[in-house]
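Asker: generate a structure from the sequence data that follows.
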Amino acid sequence: MRTSSKMTNYRWVICAMLFFATTVNYLDRQVLSLTWPKFIGPEFGWTNDDYGNITAWFSILYAVCMLFAGKFVDWLDTKKGFLWAIGIWSVGACLHAFCGIATSGILAGEWWVNFAEAKEIISHLDNGAQIVSVSVILFIFARFVLALGEAGNFPAAIKATAEYFPKKDRAFSTSIFNSGATIGAMIAPACILYIAEMWGWEATFIIIGLLGFVWMAFWTFIYKKPDNNKGVNALELAYIQQDHQTDNGVEIAEDSTKLSFMQCFRFRQTWAFAFGKFMTDGVWWFYLFWMPKYLQTVFNIEGTAQVLPLTVLYTIVMISIYGGWLPSYFISKKKMNPYAGRMRAMLIFAFFPLLALFAQPLGGYSYWLPVVIIGIAAAAHQAWSANIFSTVGDMFPKTAIATITGIGGMAGGLGSFFIQKSAGMLFDHAGKTNIRFLGFEGEPSGYFVIFIFCAVAYLIGWIVMKALVPKYKPITGIS
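Answerer: Residues are numbered from 1 along each chain as shown. Predicted coordinates:
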């Protein structure tokens with residue numbers, strides 16, 4: 001450990017690594033949503049329901065994997081757990097590219113072909129239903145591998161944040177690394193759509209997937225525990241560990257406190273976190289997975305023409321980085337305890353998604369109005385997300401943080417499963433029957449229904465969380 005009269009700032013190097021990991025995570029996750037409307041869907045004959053099935057299965061598989069990923073990271077520890085996670089999801093990302101070749105192999109016996117030859121073979125097959133069925137199953141398998149690895153990202157990142165930041169800084173540091181989700185979503189349209197236009201949709205999965213292996217090389221040499229890291233001096237270590245013993249006069253659990261997997265479910269704090277994730281994670285994933293199709297269906301904007309509106313949308317989301325500052329203000333300036341400060345901030349953020357109620361009605365004037373509105377609603381989600389993650393570190397010992405994060409992630413994935421599956425079925429049904437809802441008809445009416453749920457989900461989540469855990473109560477004294 002370095003000795004110096006000036007405090008080092010190595011914790012922000014770790015935060016930067018978490019930011020880049022999350023950016024890669026969301027780049028990998030975005031490839032399918034951007035390429036399916038124009039490239040993959042027409043090639044295999046997918047409907048909204050087919051795509052909805054793929055995203056819904058990804059969500060439920062992610063949910064199941066999250067349930068165990070946190071415990072896995074706690075067992076393996078932060079460094080190795082993160083390496084395993086990003087290695088697996090990078091393999092999964094690359095696997096998507098070979099689904100076309102596998103489809104031609106299964107249906108036509110042509111395995112040893114290139115991407116272009118596989119497309120040609122599939123285009124001459126007669127049984128469209130089989131093409132859809134086989135290709136959907138193959139993409140679900142690739143999404144399963146992706147989900148298996150991606151499930152480890154947030155448990156490992158939240159655990160690393162708890163190891164390198166005191167409680168008062170965790171929401172801010174979480175909002176910084178969590179903004180990688182926004183950056184990934186923001187740069188994805190420009191990268192992915194142009195790569196798909198130039199070299200085919202398969203190249204996008206391979207190129208983006210390989211970025212994860214580059215990150216792994218840096219993580220191997222950069223990450224060490226703070227008290228065993230030569231880049232951290234005594235002053236920074238003291239800053240990191242400032243609330244190791246007490247927090248605002250309340251004794252907190254020591255790092256040696258152990259929670260079994262089943263013990264975690266005994267606490268209202270676990271259920272509060274899980275319900276908040278269940279209600280809101282699916283909203284973010286809906287915006288992430290369906291906005292390209294929304295622009296194509298409602299406004300006839302597709303392919304590279306989507307780059308500008310999607311880039312603007314996710315640029316707006318970047319204001320969410322200030323979501324981590326607001327609870328720090330309440331904690332430092334208003335002398336509120338960490339949980340009370342975060343819940344106050346989350347209540348404020350829960351009102352902004354109500355703007356989504358106006359996205360569809362105002363779209364009749366210009367598509368830029370729903371783009372801006374959804375950007376603000378998505379920014380509110382990311383601010384909410386940074387704070388709800390930080391409540392885990394407020395309440396639980398460090399040895400259980402990844403496990404609790406995994407349980408919450410499971411709940412969020414389950415909530416996303418319902419919204420993705422419902423959206424796909426609703427959009428196809430609305431389009432076929434031309435149903436009417438509050439002045440809209442066909443698929444646009446289906447989007448309006450989903451936007452209504454997205455608008456109110458956060459207030460419902462906050463009310464239930466507050467009812468379950470009305471006051472700051474860290475988990476202590478567990479045998």
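
Asker: in the stretch 201-350 of the chain, where is pLDDT below threshold?
Answerer: 244-258, 324 (pLDDT under 70).

Asker: pull out the buried residues from the helix or strand where T103 lies.
Answerer: Assessed by DSSP states H and E, T103 sits inside helix 99-108. Within helix 99-108, the residues that qualify as buried are 99-107, counting by 16 or more other CB atoms under 10 Å. Every residue, glycine included, has its C-beta placed from N, CA and C.

Asker: now the strands for the stretch 201-350 of the chain?
Answerer: Assigned by DSSP state E, counting those that start in this stretch, the stretch 201-350 of the chain shows strands spanning 246-247, 250-251.

Asker: oops, could you answer that again for the stretch 351-479 of the chain instead?
Answerer: Counting by DSSP E, counting those that start in this stretch, the stretch 351-479 of the chain forms strands over residues 436-437, 440-441, given from the N-terminal end onward.

Asker: chain center to the first one: distance?
Answerer: Counting by CA atoms, centre = their mean, to the nearest Å, strand 436-437 is centred 31 Å from the centre of its parent chain.

Asker: that strand pairs with which strands, parallel or anti?
Answerer: Sheet pairing of strand 436-437 (DSSP bridges) gives strand 440-441 (antiparallel).

Asker: next one: the partner strand to chain centre, how far?
Answerer: Chain-centre distance of strand 440-441: 31 Å, with CA atoms, centre = their mean.

Asker: quick one: average pLDDT of it?
Answerer: Per-region confidence: strand 440-441 scores 84 on mean pLDDT.

Asker: and the contacts of it?
Answerer: 360, 430, 434-435, 448 (CB atoms under 8 Å, 6 or more residues apart in numbering).

Asker: now the buried members of the residues you listed.
Answerer: Applying 16+ other CB under 10 Å to the contacts of strand 440-441, the neighbour count classes 360, 430, 435, 448 as buried.

Asker: from memory the third one sits against S445, does it?
Answerer: When you say that, I think you mean I435. Yes - look at I435 against S445 with CB atoms under 8 Å: they come within range, at 5.8 Å.

Asker: for F261, see how far away C65 is.
Answerer: C65 sits at a distance of 15 Å from F261 (criterion: CB to CB, to the nearest Å).

Asker: now swap in V298 and tell me
Answerer: The span separating V298 from F261 equals 44 Å under the rule CB to CB.

Asker: ok, those two, which is more surrounded?
Answerer: With other CB atoms under 10 Å as the criterion, V298 and F261 differ in neighbour count, and V298 comes out ahead with 18 against 15.

Asker: give the burial count for G439, as a bare number.
Answerer: Around G439 there are 11 residues (other CB under 10 Å).

Asker: can you tell me which residues contact it?
Answerer: The neighbours of G439, taking CB under 8 Å, 6+ apart as the test, are P361.

Asker: count of residues packed around K334?
Answerer: With other CB under 10 Å as criterion, K334 counts 11.

Asker: wait, doesn't it sit right on G341?
Answerer: Yes - when contacts are counted by CB under 8 Å, K334 is listed as touching G341 (7.3 Å).

Asker: any idea how far the closest residue to Y339 other than its chain neighbours is from K333?
Answerer: Taking CB to CB, 6 or more residues apart in numbering, and ignoring the residues beside it in sequence, Y339 has Y472 as its nearest neighbour in space, at 3.9 Å. When distances are taken as CB to CB, Y472 and K333 turn out to be 17 Å apart.

Asker: now do T391
Answerer: Following CB to CB, the distance that separates T391 from K333 is 20 Å.

Asker: neighbour count winner among these two?
Answerer: Higher neighbour count among T391 and K333: T391, with 26 against 9, using other CB under 10 Å.

Asker: contact partners for the more buried one?
Answerer: Under the criterion of CB under 8 Å, 6+ apart, the contact list for T391 reads 269, 272-273, 339, 342-343.

Asker: mark which of those are buried, thanks.
Answerer: Buried by 16+ other CB under 10 Å: 269, 272-273, 339, 342-343, out of the contacts of T391.

Asker: let's have the residues you listed in JSON lines, adding distance to V312.
Answerer: What follows is the buried ones among the contacts of T391, written out as JSON lines (distance: CB to CB, whole Å):
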{"residue": "Q269", "distance to V312": "38"}
{"residue": "A272", "distance to V312": "35"}
{"residue": "F273", "distance to V312": "32"}
{"residue": "Y339", "distance to V312": "35"}
{"residue": "R342", "distance to V312": "29"}
{"residue": "M343", "distance to V312": "31"}
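
Asker: what average pLDDT does stretch 352-363 get?
Answerer: Throughout stretch 352-363, pLDDT has a mean value of 93.

Asker: can you give me the buried ones in that stretch?
Answerer: Under the neighbour-count criterion of 16+ other CB under 10 Å, stretch 352-363 has 352-353, 355-357, 359-360, 362-363 buried.

Asker: quick one: W219 from F213, how far?
Answerer: Distance of W219 to F213, computed by CB to CB: 11 Å.

Asker: settle it for me: which of those two has more neighbours?
Answerer: Taking W219 and F213 together and counting by other CB under 10 Å, W219 has the greater number of neighbours (19 against 14).

Asker: got the contact list for stretch 64-81?
Answerer: Among residues not part of stretch 64-81, those counted as contacts by CB under 8 Å, 6+ apart are 82, 84-85, 147-148, 150-152, 155-156, 159-160, 163, 219, 223-224, 261, 399-410, 412-413.
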